[in-house]
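A.B. asks: structure of the sequence below:
(chains A and B)
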Amino acid sequence: MGDCRAAGIQLLAGTNMLWLCLYFRSLSLDVLARGDCSPVPRVVVFGPETRLQVLVPNAAALVRGIHAEMRLSAAQTLVDDLHVLTRDAAAEQAAVSSIAAWCGQFTSTVSLLSPDAVLLEIGASLRLFGGLPRLRQTIDAGITALGYHVQTGIAPTPLGAWWLARANIAEPATDNEQLRAALARVPLRCMALESDVMAVLQGVGLRTVGDCRRLPRDALARRCGVTFINMLDRALGDAPDPRPLFVPPPYFTSRLPLPAAVDDCAMLLFAIHRLVLELAGFLQAREAGVPGFVLQLCHQGRAPTTVAIGLVSASRDAAHLLRLVRTQMERTPLPDTVHEVALVARDIRPLVATATTLFDTAETRGGDHWTALVEQLRARLGDDAVTGLQLVADHRPERAWHYCAPGEDRPGVSNAARPLWLLVEPLLLRQRDHRPLLPGHHGALTLRRGPERIESGWWDGGDVMRDYFAARHDDGIRVWLFRERCPDATGQRRWFLHGIFG
Amino acid sequence: MSLDSLLERADIWRGDRFPATVGIPTGFAALDEKLPGSGWPIGALTEILLPSFGIGELQLIMPALARLSRKKRWIAWIAPPYIPYAPALAACGVDLSRMLIVRPRATTDGFWAIEQALRSGTCAAVLAWPAGGDRQMWRRLQLAAEAGQSWGVLFRREQDMEPAPVALRLQLEPLPGGIEVHILKRLGGWAAGPVVLNL
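C.D. replies: Modelled structure (predicted):
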């Protein structure tokens, strides 16, 4: 046992283990078509160019009479406008790995079992996720939202769960007795046997796992080999079955090919939604968040369009991330149709699990998601258009404050004698008899307070020498003015409007 | 939806009754007295009409802003006509770290931003200086304020006036040493006589 641990393999033959196997029967199709929800008849083909065979038909192709292993030429005579996709084994492998990383949110024990199946040990997670039926439903619904068709099997052994999943026996087997009864019904083709073993078993008229178990062990070992007997023992829980633990990649990257080139934003968002859900699960699994990510919209024969999504603070809230994507996408012109979308998030940061407050009031909601609004506004209006306010220790009024990142806190000097509104630039005022006039207002200004002399900034070239006054105009508006201390070229001391008391 | 829950909505006006909701104290006792809920309405729009910006409208809302800024929600300023001046705000007791200044370039972006801020549930108050606007837009904003339980304040110059359907409409007139507040519309009460506030 110690050796297994040292080799990085977890020994998984405990008595309380319960395995859930996700089996992706139409993986090669889903990988290529999950970005498109249109019900076009579609098949994935494989084999040499001259003898292409249907590997998986979609539901629309099935009802038109196309089935697996049919020659492509035959299938095309059934359906004229059949959409044909070529199998992409590398993409399938990446997809299974990415699903396994997503599954990490439900259990720490995830294992890749075959090119089209993922194993989860869920015995320890049942209570946390509200019992077996609910956990299973959550996982199934999540996988469906990612765009994959899945069959699940639940059993105390990894192989048992796999075979039940392949046989599409949904009834969970939670103990050894149920497992034996359930496996007895599993057809031989669901055991994924070597073809020679399969031929031997079929030759003696066996059809199910149950049939095999009724034969004498010695005879079976002689005909089919010890490997086969050992496999049966592991499936039934009579022998330990250690499984290598899946280690998720350090950062997130996922691609989603679009079966038909897309130029429509809604359809793109449908595909991106799947990627964002995948990212959210990946982050949930490691209790992490992202401060931003990059979407790549790939075009045929030109550089991809890159959409960078930035957040104020790291998050893994799929709905929020998707809102940001939507706002950003509305502003992003597409130079061409898109045939693949990729999502890359390299900066993964630990995030404290979302605390659920007892009282979900508007106030606590404000506390939890207070940055979400900022991100959403920035996504559409740009970073510069959404800011906070900050005090700066400077005597010059125009430099005594600054726009800053929203929420940033810095102590500074407040001043009750200042107006609530400041003009972006001081406004030069016309004068009559050395008295300033307010543009657009008839009547006179009456100086009420002042002068307050401000002389500062000679050291940095932005020097000011001004006398400030608070004044009231006849029609009620109260303003903040200054008069320059040095006369201009015409020998006049100029008046400026700098603020409004508001 | 039951009749009771309908009647509790902030935008349903029931004869001469003030709604049961409690408003945000304005900091001016004479004004609180005349307002339903004894303060600024939460989850609804307040429209403030002015002859020109800068006659005392900010000082009117400053006590409420100072109070709201001490809670963990934003005070959003959307398309303000000038720079909200930090040293003066701080002097009024406003926590600057709660201020969110939004300066959209286009009018449509402005309305979008007001709606997002009102609806988000993370803004205690949304102060907005909208340009134009139609009935349908005001209605959207009213619903957003309700959804986000925010105090939406629309500052409008009298000449832009096409009245917005709001919960509270005030008209300000400058006086020497203060302002005169005319309550043109309030929920649960007829238009009331003017209140003079010294600022």
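A.B. asks: helix/strand/coil for the residue of chain B found nearest chain A?
C.D. replies: Chain B approaches chain A most closely through B:P174 (2.0 Å), counting by CB to the nearest CB. For glycine as for every other residue, the C-beta is placed from the backbone atoms N, C-alpha and C. The three-state label given to B:P174 by DSSP: H, G, I helix; E, B strand; the rest coil is strand.
A.B. asks: so it sits right up against A:G476, yeah?
C.D. replies: Yes. Counting by CB atoms under 8 Å, B:P174 does reach A:G476; the two are 2.0 Å apart.
A.B. asks: any shared contact partners between those two?
C.D. replies: Both B:P174 and A:G476 are in contact with B:51, B:55-56, where contact means CB atoms under 8 Å, 6 or more residues apart in numbering or on different chains.
A.B. asks: buried subset of those, written for PyMOL?
C.D. replies: Buried subset of the shared contacts of B:P174 and A:G476, written as a PyMOL selection, criterion 16 or more other CB atoms under 10 Å in any protein chain shown:
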select buried, chain B and resi 55+56
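A.B. asks: can you redo the shared contacts of B:P174 and A:G476 as CSV with distance to A:S456, secondary structure and pLDDT?
C.D. replies: Shown next, in CSV, are these (distance: CB to CB, whole Å; DSSP: H, G, I helix; E, B strand; the rest coil; pLDDT from 0 to 100):
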residue, distance to A:S456, secondary structure, pLDDT
B:P51, 36, coil, 87
B:I55, 30, coil, 87
B:G56, 29, coil, 89
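A.B. asks: check what pLDDT the residue of chain B closest to chain A gets.
C.D. replies: pLDDT for B:P174: 86.
A.B. asks: beta partners for it?
C.D. replies: B:I179 (DSSP bridges).
A.B. asks: okay, now it: neighbour count?
C.D. replies: Using other CB atoms under 10 Å in any protein chain shown, the number of residues around B:P174 comes to 22.
A.B. asks: residue contacts, residue 142?
C.D. replies: Using chain A. Contacts of A:G142 (CB under 8 Å, 6+ apart): A:102, A:277, A:281.
A.B. asks: please refer instead to chain B.
C.D. replies: B:11, B:44-45, B:152, B:165-167.
A.B. asks: chain B: strands as residue ranges?
C.D. replies: Ranges of strands in chain B, per DSSP state E, are B:44-50, B:74-78, B:83-84, B:99-102, B:123-128, B:151-157, B:168-175, B:178-186, B:192-198.
A.B. asks: before we move on, the earlier item: relative to chain B, which of the contacts of A:G142 is nearest.
C.D. replies: Nearest to chain B, judged by CB to the nearest CB, of the contacts of A:G142 is A:L277 at 22.6 Å.
A.B. asks: for that closest one, grab phi and psi.
C.D. replies: A:L277 has phi and psi values of phi -60, psi -40 when expressed as degrees, to the nearest 10.
A.B. asks: tell me the spacing between it and B:G43.
C.D. replies: To B:G43, A:L277 is 33 Å away according to CB to CB, to the nearest Å.
A.B. asks: ok so, going back, redo the contacts of A:G142 as JSON lines? Include neighbour count and pLDDT.
C.D. replies: Output for the contacts of A:G142, formatted as JSON lines (neighbours: other CB atoms under 10 Å in any protein chain shown; pLDDT from 0 to 100):
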{"residue": "A:W102", "neighbour count": "27", "pLDDT": "95"}
{"residue": "A:L277", "neighbour count": "20", "pLDDT": "95"}
{"residue": "A:G281", "neighbour count": "24", "pLDDT": "93"}
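A.B. asks: hang on, the earlier thing: CSV for the contacts of B:Q142, including distance to B:D109, pLDDT and neighbour count?
C.D. replies: Output for those, formatted as CSV (distance: CB to CB, whole Å; pLDDT from 0 to 100; neighbours: other CB atoms under 10 Å in any protein chain shown):
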residue, distance to B:D109, pLDDT, neighbour count
B:D11, 26, 63, 18
B:A44, 24, 91, 26
B:L45, 19, 93, 30
B:G152, 17, 95, 31
B:P165, 23, 78, 14
B:V166, 22, 85, 25
B:A167, 25, 86, 28
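A.B. asks: just give me the closest of those to A:C404.
C.D. replies: B:G152 (24.9 Å; CB to CB).
A.B. asks: isn't that closest one right up against B:E146?
C.D. replies: No. Taking contacts as CB under 8 Å, B:G152 lies outside contact range of B:E146: 9.5 Å.
A.B. asks: show me what counts as buried in the strand or helix carrying A:A100.
C.D. replies: Assessed by DSSP states H and E, A:A100 sits inside helix A:89-103. Buried residues in helix A:89-103, counted by 16+ other CB under 10 Å: A:91-92, A:95-103.
A.B. asks: same check, this time on stretch A:28-47
C.D. replies: Buried residues in stretch A:28-47, counting neighbours by 16+ other CB under 10 Å, are found at A:28-36, A:41-45.
A.B. asks: mind showing which ranges of the chain have poor pLDDT?
C.D. replies: Unless you meant another one, I'm taking chain A. A:1-15, A:352-369 (pLDDT under 70).
A.B. asks: chain B is the one I meant
C.D. replies: Ranges of chain B meeting pLDDT under 70: B:1-21, B:159-162, B:188-191.
A.B. asks: let's see 80
C.D. replies: B:1-22, B:72, B:132-133, B:158-165, B:176-177, B:187-193, B:199 (pLDDT under 80).
A.B. asks: which residue is nearest the centroid of it?
C.D. replies: Nearest residue to the geometric centre of chain B (CA atoms, centre = their mean): B:V153, 2.5 Å.
A.B. asks: hmm, it is touching B:A128, no?
C.D. replies: Yes. If you go by CB under 8 Å, B:V153 and B:A128 touch, sitting 6.8 Å apart.
A.B. asks: surely A:A221 touches A:M231?
C.D. replies: No. Counting by CB under 8 Å, A:A221 stays clear of A:M231, with 11.6 Å between them.
A.B. asks: the two: who's more crowded?
C.D. replies: Set A:A221 next to A:M231 and count neighbours by other CB under 10 Å: A:M231 wins out with 19 against 16.
A.B. asks: secondary structure element for the residue nearest to that one when sequence neighbours are not counted?
C.D. replies: If the residues on either side of it in the chain are set aside, A:M231 comes closest to A:L159, at 6.7 Å by CB to CB, 6 or more residues apart in numbering or on different chains. Assigned by DSSP H and E, A:L159 falls within helix A:158-166.
A.B. asks: give me the contact list for that helix.
C.D. replies: A:12, A:19-23, A:111, A:113-114, A:117, A:119, A:151-155, A:173, A:179, A:182-183, A:186, A:190-192, A:209, A:231, A:234-237, A:241, A:243.
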